[in-house]
Structures are given as structure tokens and as C-alpha cells.
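No letters, just coordinates:
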């Protein structure tokens, strides 16, 4: 393989595309954290121009021939290059399957719908945004119909593939059905046990925000994030962005309670550690990227839900929090923190849900969005179908659509096929944690000292360092010995809430 | 002119190029203010890729034909479009005059030299960086030789043109010679007068940085900067960056003294106000850009040196500073502030120089860099020539090259032809202020209330709103009735330092 090989030319091209993506990622971070409001319009243009340039690189006329030629050059004997080339082709097929006018129509429709949705959610008026959502769904169906044949996937799986390769509705459906059966049995029992225990005490504030911020930064560093390659800032909604050598995480603060800020930082640190641990030798190549949204969520949740809400870690962080904020020690005791931070609570809002009921929110959306894509469900019937499904799964009916089908931006921004990733990530996190526990016998002893390094070392080897060389199920199989299986997640919930 | 006209296609292309430039500008701001050190390497790649994409847009094969066709479409009856098209051609000619391998060689040589220069300056060792500087100068001469014929300019003027169009060495030489004569007479007299007055009292600190920062932000807003379209942050060296609808200014703070922070903010606010006042109808078009580096410096200096160090403004800001920081009132009296902030002081370092001696630093560099480009001066002879020239102009000999020819990054980064802009800007600022005073009779009354709005309104009409429609001398002629003329600057210095 020479420097003039087709593979080498493709590799340079994809590095250029990734570098444009890095620029866009930093500009998106800035828009959410630093940008004055007056910069918004120009920023939209900047991101659109960068997206257009990246797309033009990807669909350039010579790419197809180079992919053909490189396939002759690269043998399966080199699994990284082989996987990289397959992912290049995959990106090219996705990008060329959609006609340019459809892509533009989607960008316009999504943007228009998302704007109206903000007002519709504010006023709990689904009727207001229905025409825009109908257009968005129509175009998504058109895109799915074009992508499916090109990728050899069903239309819905072709959409899912845009967020997480290597798993489709046929895999997810049975896993979610299994979980639904578990939930119907486990949730009432968990609630009964919880009701029988004393209510948790809340630490009393105020907790000065500068102190919370310093605590969060030091906590994130303790979890393994190197602040020579990271920043922690504030934004309206916590997120993890930036690039592999310069990750940017955010959280939000309220003086009355540090819980939200601290747990968001723990979650975003999980995402950031994944980016930091991606294979350096494959930086800016498709195979060097994170394996997908579900894989990413598994890494935030293994840190947040599996490690940092464990009994062992709570004992450490309770002491640290008390040392930082002072006051009465009782609320910082590990059993109290456990009652406070591990409450099961049926509610209407996905992003506020506990780890046991969260999958019900996702299962509902997974079923509804499949029906929207297949055409079995008309947009006009969405509020009713939502409320019926929600009552069936969680026994509650949303009092209005703002707390029902209007609550999430995803569909209104054209993101259909994304929701399963949240729960696939939660299940994968439990499955990976179970495997990590098998290979690290003293894991809890480390966690009880606020030491995540044994877990992080294991994750770097089995998840982070793998990049995108394996698909979602293949990654799990290599790391845990089996494809996605809800039993580890159910066992985790059973141990935490039912014993 | 239709939407399919050649002019329209060029206009879209240049908007795309400008938008890529906006993205690069924000990323450069981030690198100086926010970026963790570990992000530096990737950021360099991001900026290089964006520069490459912008260059590719500019030199695309169809541009030449479109320029030809558009020239037929656009008549001189439309002065904005006419000027815009001329500037497009000018940008195209500059970009295509240099062979790609020369551009790459310059990028590599500049980057290598700049790295060694940091160490050379630290150790005051010119010999260390001499080979790298020789290569940089050799390539600059090659570039100048290619650019000159393409632009119809001398080699040195072709370099100057890259920083400020519309003025060349033949204009600058006599102006600088005039100023040199003025300085030889005025400087000793100013020093004698200063020595006869009492020494200024320094306000005693510490001045908490949060308080300084709040003062600076409020001051910048008072000067006219709209913080819905701006930010103020911290960086190692103050600068103004960002974009027209999202300007980012910076300063640096020390607890011991607010002077540096406040005056830098005033200066950078002047730059920012220029960007904010550019013609919105021509945003992202060459004719909608600032008119050049000298024009830009005139706008920072008219705010900093002309308006904010005036007696009238000092009386207002003295009260504001005292109200903010408290303590003894005497140091905040306007005559004391004048003695403190308007000291003449011969020194070795350009960036620390007062407004009277600053031009001597520039005149020296202007003469030396012309000789470097013509080949009359060898790089090896630079330190000696520097020290001889410095002694001749200011009567001092630098004790080492760190305080001599190694002090500024410009040449070591390939920027030859830039230095005159600083003094052209200072002179233009005085000339514009004199014209503004003629048309705003109550200017000092407004300044005495900290009110720059009459001046700003005048600048928006006569400078900011003109964009790049006029070259440097044409802009001055339209705004002040004459081309660049050092007499207003000399009169300003005479009034301030010799009366």
C-alpha cells in the first residue's frame, strides 16, 4: 500500500471530512455555551456551509472508483483497514442514496417544524405543529424508502442505522418485549419496597454555584477526565461535545440543589471518557469513531448509573460532598443518598425518569415511530396513540400533550430511529458492567475510594479502544461473550430495587 | 441582473468563502481564550483545512470566466457592485499569482521559524533563528516577485497590499520622513515639559479582577458595543476577533493595576465597533469588509487615543473608576490620569510605546523590511542595522536582540509589509478626529459625559458604513477632504504634549 494508493487517498479525504466535523462540533459547543444571541443567524450559516463542504467531499465523483480500487488493495487480513474501508463505503452509500433536493427539503422542514414545536410545547397545542410534523414525517418516510434498499435494510432500520449501526428493529423488539414483561412485575414491587422505607432527607442549601462548579470539575477529573484535553462549562441542557483531544462537557446549576449538576457531570464525563479513549492511531477515520449513539449512551450510563450510583461509590461521594458543602452529615450518608438518587417514580417526562421506568418511555416511542414510518399511524392520531400507550405501559395518562407527545424535540427535528439508543445504551451498560465485574474482582473496593481507574482501564480495552471496528452487537459479544441481552440490566435493577 | 448571472454566482461563492472565514475566526478566538492546551494540534489542523477549502473556492477553474462575464454585466453606474467585483478580481489575482507549492513552503517555513523564534527571543539569541528567518525572507521575496507583476505593484507594495490596499511605499515614505523631522524636534521638548511637571500618582490597589471585568464590560457597552452581538473574555494578549454579528474582544487583568485591562478594552472596542458598523447589505462580500489593517487600527486608535485619552473623557472615566474602586480620589483626577496615561517614554519595546515614539518603532521596521525585500539588507546584518537605526531614531541602543530585532513575531511568521499599518492607523485616527470635530461642535461636551455616540454616528457614516468601497487614501479623502497627511497627527501631539 503506497502513499498514492486509492485507500490512502480515501483516508486523506475522510480525515478532511472529520476535521470539518471537528470545526462544526466546536462551533456547536460555542453556540450552546458562549455565543451571544445575536450570533445565532450567522452561526446557522456557518454550520450549514461546513455541512455542505463535508457532504461535497463525501460524494465527490471520484469516491466511488476509489472505493472500488481500494477494495482490491485492502484484504480482510487487516481487520482495521478492512473495517475502515467498509465504513467509508457505508458513509458514501448513505450520503449518495438521498437526492440533494430531498436533503434540502428535510433541512428546511425540520428547521421550520422545530421552531413551531417550541411554541406548540409551550402552549400544549399539538394542532399547532401537526402540519409541520406531517411534512417532516412524510420526508423521513421518503428518505427511509431511499436509504433502505441502498443499505439492504428495512426503512425503519435504515433510519436507526443513522444513529447506531449493527442493530435493527428485529433485534430490539424482543429485547424490549422482554423488558416490558419484567417491568410489569418489578415496578409495583419496587414501589412497594420504596414506600416501606423512610423518605430520604435532602441536604439543605443554598449551595454556592462556584463551589458546585469546582466540585464538579474535580469530580470529573477524579473519574478520569484529563482537563488538559477537556473543559467544563454551563449550558441550558447538559451535553458532551468538542473533539477527541478537546472534549467539552457542560452542566447547569441551581443554588438550591447540587444533585442535577453533579449527576449531569458524571453522565457527560462518561461520554467524554469514551471520546478520549478512541483509538489514536485511527483518529479522524470512520473506524476510529465512537461505535454509535447506543454505544455512546452505554458509556455515559456505565459511569453514571452503574458505577457512580453504586453503594460503594455513594459512600465515597457522600463524604466528599459533605466535606465540600458542610452542614448536617445525615443526608450525605450512603443509604440516604441511595434513597435520594435511586428513587423509582412513574412520571410523564422521559428526561426526568428513573432507570427502571425510563425504558417504558423509550419502548412507547420505539413502537410509535415504527408505526409512523410504516404509515400504520397517521400524525393526526399520534396524541391519542401516545396516551393509550403510556397508560398501558405506566398506568398514567398525560394531562396534556406538552407532557405527552410534545415533550421531546427528536421527531419534530426529523430524528426518527434515535430513541431506542437510550435504552440499548442502558442495557449495554449493565451487560458491560457485569463483564467488568467478572474480570475485576476488587471493583467495589476501588469504587468505595472514588477510584474508577480499574473500570476505565477495562472500558478502554473492551469499548473505547475498539472505535467502530465492531458493530453494536459484535462489540458486546467481544466484550461480554454475548449479544445484547436484557438479563444483566434486569438483574442489576433487581439487585438495586428489589432486594 | 438575474439570480443566474455570473455576478450572482460569484457573490454566492464569496459569501461561502467569507462564511468559512467566520468559522475560522471563531475557532481562532476559542484557541486564544477557551481551548485547553491539548486541543492545539487538532485546532491547527482544523484551521488549515478551512483555509484550504476557502482557497479552493477562490481559485476554482470557473472563477476567471465568471469574473470576465460579470465585468460585462456590471457597469460603473453601480459603485458598490463595481467595487465588489473589482475586489473579487483582486482577491482572485492574489490567490492565483502564487504557485501552490510556494504557498505550502511558506506555511511550513513560517510555522518552523515562529517556533524557533519563541526560543530565540527567550534566550536573546538571533543566531538561533537566523537560518529559519533567512528561509522565510527568501520565500517572501519569491512571493513578492510573483505578486508584484500580477497586481501592477512593486514587490514591497504587493506585500503591503496584503494588509492594506490603496497605499504604498511611495506614499508612506514621505509621510514617515515628515514625522521623523517632527519627532526629532518634538520629543525632547515633550520630555522636558513632562520632567517639569509633578510625577503622576498611581491609584492603589489591589483591584479585584471580577470588579475590573464588570467595569470593562460596562465601559465597552457605554462606548457603544452591543453585548447581544459581542463578548468580552480574557486572553494572554488582547485582541478583537469573531464576526460582524458576534464580535469577541479580550483583555488581560492584573490585580495590581486596572490600567492595562481598561485601555486594552477601549482599544479592542474600537476594532469591534468597526466590525459592527460594516454595511449589512454587503455582509460577506469583499466590499462589505473592513478596508484593511491601517483602517482597522485607525478605528481602535480613534477610540482609545483620540477619544478616551482626551481631557474631556478622562474627567468622566476618572469619576467612574473612583466610584468603582473607591479609595483616595486624587489619583483619579483628570490631570493626574492625563499624566499617568499620556506619558512620553522612550523604550525598546514597540507594544509598550507611547503614541509619540510609537511611529519611530514603525519607521525603523518599515525601512528595514523594505531593505530585506529588495535584498539591500541581508538577514545576517539585521541586528546591527536594527541597533544603528534605533539609536539614530530614539537615541538608544537595545541591550540585546530580545529587546531589539527579536521582539515582534511578525517577520518570523512571514508578515512583512504589515508594520506601517500601525502608524498609518494612528495618523488616520487623528485626521478623522479632526474632521469629526469640525462637524460635531459639541464633541468634547459629549465625551465629558462618557458619551461617544456623536463620534460613533460620524464614524458609521464616514468609515464603518463604507466597508471596502474605497481604498485607504480614497476613504480619507472622502471623510476628511484630503489623503493621508501627518499634520493632523502632529497637531494632535503638539496640543497634547507641547502646550
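Ah, there it is. Please read these numbers as outputs of a predicted model, since none were measured by experiment.

going forward, measure contacts and count neighbours with C-alpha atoms only.
Noted.

For the stretch 201-350 of chain A, just list every one of the helices.
Taking DSSP state H, counting those that start in this stretch to define them, one finds helices in the stretch 201-350 of chain A at A:209-222, A:259-277, A:293-301, A:311-325, A:334-341.

Distance from the second one to the middle of the chain?
Okay, so that is helix A:259-277. 11 Å (Cα atoms, centre = their mean, to the nearest Å).

if you average pLDDT over it, what comes out?
For helix A:259-277, mean pLDDT rounds to 98.

Other residues contacting that helix?
Contact with helix A:259-277 is made by A:212, A:216, A:219-220, A:223-225, A:238-241, A:243-245, A:247-254, A:290, A:296-297, A:299-304, A:308, A:460, A:463-465, as judged by Cα atoms under 8 Å, 6 or more residues apart in numbering or on different chains.

what about residue A:315, neighbour count?
The number of residues packed around residue A:315, counting by other Cα atoms under 10 Å in any protein chain shown, is 22.

about what we covered before: redo the helices of the stretch 201-350 of chain A as JSON lines? Include distance to residue A:18.
Converted to JSON lines, those look like this (distance: least, Cα to Cα, whole Å):
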{"stretch": "helix A:209-222", "distance to residue A:18": "27"}
{"stretch": "helix A:259-277", "distance to residue A:18": "14"}
{"stretch": "helix A:293-301", "distance to residue A:18": "17"}
{"stretch": "helix A:311-325", "distance to residue A:18": "37"}
{"stretch": "helix A:334-341", "distance to residue A:18": "38"}
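
about what we covered before: buried only: go through the contacts of helix A:259-277 for me.
The neighbour count (16 or more other Cα atoms under 10 Å in any protein chain shown) marks A:212, A:216, A:219-220, A:223-225, A:238-241, A:243-245, A:247-253, A:290, A:296-297, A:299-304, A:308, A:460, A:463-465 as buried among those.

Restricting to those residues, which residues neighbour chain B?
Applying Cα under 8 Å from any Cα of the partner chain to the buried ones among the contacts of helix A:259-277, one finds that residue A:245 fall near chain B.

quick one: which of the buried ones among the contacts of helix A:259-277 sit in strands?
A:240, A:241, A:243, A:247, A:248, A:249, A:250, A:251 (DSSP state E).

low-scoring stretches of chain A, by residue?
For chain A, the stretches with pLDDT under 70 are A:1-3, A:74-76.

Can you report phi and psi for the closest residue to residue A:37 other than its chain neighbours?
Excluding the flanking residues, the one nearest residue A:37 by Cα to Cα, 6 or more residues apart in numbering or on different chains is residue B:228, at 5.7 Å. Main-chain dihedrals, residue B:228, degrees, to the nearest 10: phi -70, psi -10.

Kindly provide the distance from residue B:228 to residue A:40.
The gap separating residue B:228 from residue A:40 is 10 Å, by Cα to Cα, to the nearest Å.

Contact partners for the residue nearest the centre of chain A?
Chain A has residue A:297 as the residue nearest its centroid, 3.9 Å off, counting by Cα atoms, centre = their mean. Residues in contact with residue A:297 (Cα under 8 Å, 6+ apart) are A:271, A:421, A:422, A:425, A:426.

and if you look at residue A:422?
Residue A:422 is in contact with A:293, A:294, A:297, A:362, counting by Cα under 8 Å, 6+ apart.

for chain B, what are the nearby residues on the stretch 101-250 of chain A?
Counting by Cα under 8 Å from any Cα, the residues of the stretch 101-250 of chain A that sit close to chain B are A:227, A:228, A:229, A:230, A:231, A:245, A:246.

buried subset of these?
Among these, those scoring as buried are A:227, A:229, A:230, A:231, A:245, A:246 (criterion: 16+ other Cα under 10 Å).

check contacts around the second one.
By that I understand residue A:229. Taking Cα under 8 Å, 6+ apart as the test, what residue A:229 contacts is A:245, A:246, A:247, B:36, B:37, B:38, B:39.

what about the fifth one, how many neighbours?
For residue B:37, the count of nearby residues is 15 (other Cα under 10 Å).

What does it show for phi and psi?
In terms of degrees, to the nearest 10, the main-chain angles of residue B:37 are phi -60, psi -30.

my read: it touches residue A:228, true?
Yes: Residue B:37 sits in contact with residue A:228 when judged by Cα atoms under 8 Å, with a separation of 5.7 Å.

Compute the number of surrounding residues for residue A:198.
Neighbours of residue A:198 (other Cα under 10 Å): 9.

Look at it and give its secondary structure.
Following DSSP: H, G, I helix; E, B strand; the rest coil, residue A:198 is assigned to coil.

what's it sitting at in phi/psi?
According to degrees, to the nearest 10, residue A:198 has phi -60, psi 150.

how near is it to residue A:19?
Taking Cα to Cα, one finds residue A:198 at 53 Å from residue A:19.

Adding distance to residue A:385 as columns, could you present the buried ones among the residues of the stretch 101-250 of chain A next to chain B in CSV?
Converted to CSV, these look like this (distance: Cα to Cα, whole Å):
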residue, distance to residue A:385
A:227, 46
A:229, 46
A:230, 43
A:231, 42
A:245, 44
A:246, 43
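
From the residues you listed, pick the one nearest residue B:320.
residue A:231 (35.3 Å; Cα to Cα).

quick revisit: which of the helices of the stretch 201-350 of chain A sits closest to residue B:182?
helix A:209-222 (54.8 Å).

which helices and strands does that closest one pack with?
Packing contacts for helix A:209-222, counted by 3 or more Cα pairs under 8 Å, 6 or more residues apart in numbering or on different chains; DSSP states H and E, involve helix A:259-277.

okay, the residues of the stretch 101-250 of chain A next to chain B in JSON lines with distance to residue B:482 next?
Formatted as JSON lines, these follow (distance: Cα to Cα, whole Å):
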{"residue": "A:227", "distance to residue B:482": "55"}
{"residue": "A:228", "distance to residue B:482": "53"}
{"residue": "A:229", "distance to residue B:482": "53"}
{"residue": "A:230", "distance to residue B:482": "53"}
{"residue": "A:231", "distance to residue B:482": "52"}
{"residue": "A:245", "distance to residue B:482": "53"}
{"residue": "A:246", "distance to residue B:482": "51"}
